[in-house]
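Novice: Whatever this is, show me its structure:
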Amino acid sequence: MNKDKKIMRIPVEKIIIGDENVEIKNKILLDKFKNKVQKEGIKRPFVVTKMSDKYVLYNRFYTFTAAKIIGYKTLPCRVVNNIFMERKRKYLEYYRRNFIRNRR
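Specialist: All right, here's what the predicted structure looks like:
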């Protein structure tokens, strides 16, 4: 079994969003996610990678923020290795640079 697929519960205060400049701007969408998390809970694990004593989050920002606001103490996470996340980070940076900026 690949150890990178192991799911573990990680304290919310140890999880950080990969890009420090990420800001939730769509408050209506955030409210929808908060309602969904309150009704259904967290069904799928978050994908994180370990960086020193923190875990960097790379997916499901609205769900994570909603769970944090609601008061979740720990969240289910799949910890993946840094090689995989480096590829993912480069893709996200490319996407943000080329698609998100152009929408504004």
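
Novice: Just the strands from the chain, written as ranges.
Specialist: Using DSSP state E, the strands of the chain run over residues 7-11, 15-17, 46-51, 54-57, 74-79.

Novice: Can you lay out those strands as JSON lines showing mean neighbour count, distance to Y91 and mean pLDDT?
Specialist: No exception for glycine: its C-beta is placed from N, CA and C like everyone else's. Putting the strands of the chain into JSON lines (neighbours: other CB atoms under 10 Å; distance: least, CB to CB, whole Å; pLDDT from 0 to 100) gives the following:
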{"stretch": "strand 7-11", "mean neighbour count": "13", "distance to Y91": "23", "mean pLDDT": "94"}
{"stretch": "strand 15-17", "mean neighbour count": "16", "distance to Y91": "16", "mean pLDDT": "89"}
{"stretch": "strand 46-51", "mean neighbour count": "19", "distance to Y91": "13", "mean pLDDT": "88"}
{"stretch": "strand 54-57", "mean neighbour count": "19", "distance to Y91": "15", "mean pLDDT": "90"}
{"stretch": "strand 74-79", "mean neighbour count": "18", "distance to Y91": "18", "mean pLDDT": "95"}
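
Novice: Count the neighbours of I69 for me.
Specialist: 14 (other CB atoms under 10 Å).

Novice: If you could redo that for N82, that was the one I meant.
Specialist: Neighbours of N82 (other CB under 10 Å): 12.
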